[in-house]
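Engineer: Quick one, what's the 3D model for this:
(one chain, ligands or ions: 2)
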Amino acid sequence: MTIERSLVLVKPDGFQRGLTGEVLRRIEAKGYSLVGLSILTPTRGQLAEHYAEHEGKPFYEPLVDFMSSGLVTAAVIEGQDCIKGFRNLAGATNPTDAAPGTIRGDLGRDWGLKVQQNIVHGSDSPESATREIGIWFPDLQG
Ligand code: IDP
Ligand code: MG
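Structural biologist: Ligands and ions are numbered 1, 2, ... in the order given. So this is what the prediction gives:
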């Protein structure tokens, strides 16, 4: 039982489709709090930092192209075990595999091309959450 913070992004596909409210609704309905919220078009430098673990993978460049293509909503959420909890709300990375009832299962699209337009990002561990919050919300550090 740990109160955690996690970094959530509504990716450009979700933002353009008007799904920011739906994602935030699910977060709040689950009982997590919003402690940071911002709308921005990410820079490639910011995304290189955010997605450093994926550099060199076949989907990396298309992913950075996609993520820098338009506005995203960045949020810091807080709640008991919310890192794993939000990953469960988001569902599997590939929307085709994501269970109904999850954000990606209900709303995401696997275009089968270069990048999965899967609506949301969520931190995958406490270490990732701390690192990612530092990238997107430097004022919330510490
Ligand atoms: P996650 O977002 O579920 O944590 P990661 O493996 O960290 O998944 O991948 C980051 C993002 O890169 C995914 O959300 C998706 O948009 C994209 N991605 C991951 N794997 C693939 C792939 O095999 N093909 C195309 N895009 C991918
Ligand atoms: Mg990931």
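Engineer: number of nearby residues for G18?
Structural biologist: Using other C-beta atoms under 10 Å, G18 has 8 neighbouring residues. For the C-beta atoms, the positions are set from N, CA and C on the backbone; glycine is no exception.
Engineer: Using the three-state scheme, assign it.
Structural biologist: Following DSSP: H, G, I helix; E, B strand; the rest coil, we place G18 in the coil state.
Engineer: Tell me how far it lies from V35.
Structural biologist: 24 Å (C-beta to C-beta, to the nearest Å).
Engineer: show me where pLDDT drops low in this protein?
Structural biologist: The chain contains residues with pLDDT under 70 at 111-114, 141-142.
Engineer: At which residues are the helices of it located?
Structural biologist: Along the chain, the segments classed as helices by DSSP state H run 12-16, 20-30, 44-50, 60-67, 82-90, 103-107, 126-136.
Engineer: Out of the ones you listed, which is closest to ligand 1?
Structural biologist: helix 60-67 (4.7 Å; C-beta to the nearest ligand atom).
Engineer: buried ones in the closest one?
Structural biologist: Within helix 60-67, the residues that count as buried by 16 or more other C-beta atoms under 10 Å are 60, 63-64, 66-67.
Engineer: cool, and stretch 23-37?
Structural biologist: Neighbour-count burial for stretch 23-37 flags 23-24, 26-27, 32, 36 (criterion: 16+ other C-beta under 10 Å).
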